[in-house]
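**Student:** Turn this into a structure:
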Amino acid sequence: MSFEVVVTGDKEVAGYLRSVPNRIRGRLRDELTRIAIDLQSRVVDEKLNGGVLNRKTGKLSRSIQEVVIEDRKAIAGFVWSNMGAPSYASFWEFGFSGNQTVRNHLRLQTKCFGRPMDPPREVTVNTFTRQVDSPARSFLRSSLAEMKDSILNRMDSSVGSAL
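**Tutor:** Okay, here's the model as predicted:
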């Protein structure tokens, strides 16, 4: 007694299985790009425009950047402030406790002993050191923590849609 087995479609199945990693990688890259943009928007719109820090000049908001970097081993999304380090952004994100040196500068004096001065005059303020105790007012880390569950669900869904 002998059996003859004929397999049809084996090349198609093998091709499909070989294409799965590239499709998963593509979907993850696309979803991570959308997540980075959403995180950047959340930081700027909700945290820096009144939620945590009240916008004054908009310089910090304009410094928030996002990028997705991909190499052979990993795909990573980054959201950061490009103000340089140490910077104003890190001062607010992590807080600061210590001595700060204020360099000499000009100040416009408009009042003297509680009364308006007419005309105001510029006065020189000499360099001095002051004690600063500023608590952290996180806008980057807190936004990421708030979006954690959503990010994990979106990544899981993107992998599922590639299969």
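
**Student:** Only C-alpha atoms, please: export the one helix or strand residue 160 maps to in CSV.
**Tutor:** Assigned by DSSP states H and E, residue 160 belongs to helix 140-162. Output of helix 140-162 as CSV, limited to C-alpha atoms (Å, rounded to 0.1, in the frame of the first residue of the first chain):
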residue,chain,number,x,y,z
LEU,A,140,7.5,65.1,28.3
ARG,A,141,7.6,62.2,30.7
SER,A,142,4.1,62.8,32.0
SER,A,143,2.7,62.9,28.5
LEU,A,144,4.4,59.6,27.6
ALA,A,145,3.1,58.0,30.8
GLU,A,146,-0.5,59.2,30.1
MET,A,147,-0.3,57.7,26.6
LYS,A,148,1.4,54.4,27.6
ASP,A,149,-1.7,52.2,27.4
SER,A,150,-2.8,53.7,24.1
ILE,A,151,0.7,53.3,22.6
LEU,A,152,0.8,49.7,23.6
ASN,A,153,-2.6,49.0,22.1
ARG,A,154,-1.8,50.8,18.9
MET,A,155,1.5,48.9,18.5
ASP,A,156,-0.3,45.6,19.2
SER,A,157,-3.0,46.4,16.6
SER,A,158,-0.4,47.3,14.0
VAL,A,159,1.3,44.0,14.4
GLY,A,160,-2.0,42.1,14.3
SER,A,161,-3.0,43.9,11.1
ALA,A,162,0.2,42.8,9.4
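
**Student:** ok, now which ones touch the spatially most central residue of the chain?
**Tutor:** Nearest to the mean C-alpha position of the chain, by Cα atoms, centre = their mean, lies residue 79 at 3.0 Å. If you count contacts by Cβ atoms under 8 Å, 6 or more residues apart in numbering, residue 79 has them with 36, 39, 40, 43, 64, 65, 66, 140, 144. Placement of C-beta: from N, CA and C, glycine included.

**Student:** Below-threshold pLDDT in the protein: ranges please.
**Tutor:** In the predicted model of the chain, residues 85-86 satisfy pLDDT under 70.

**Student:** at 90 what do you get?
**Tutor:** Within the chain, the stretches with pLDDT under 90 are 1-25, 46-63, 72-73, 82-92, 118, 159-163.

**Student:** tell me which residues in the top helix by length along it are buried?
**Tutor:** Among all segments of the chain classified by DSSP state H, the helix with the greatest residue count is helix 10-42. Within helix 10-42, the residues scored as buried using 16 or more other Cβ atoms under 10 Å are 24, 27, 28, 31, 32, 33, 35, 36, 38, 39, 40, 42.

**Student:** will you turn those into TSV that also has distance to residue 50?
**Tutor:** Shown next, in TSV, are the buried residues of helix 10-42 (distance: Cβ to Cβ, whole Å):
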residue	distance to residue 50
24	39
27	35
28	33
31	29
32	28
33	27
35	23
36	23
38	19
39	18
40	17
42	13
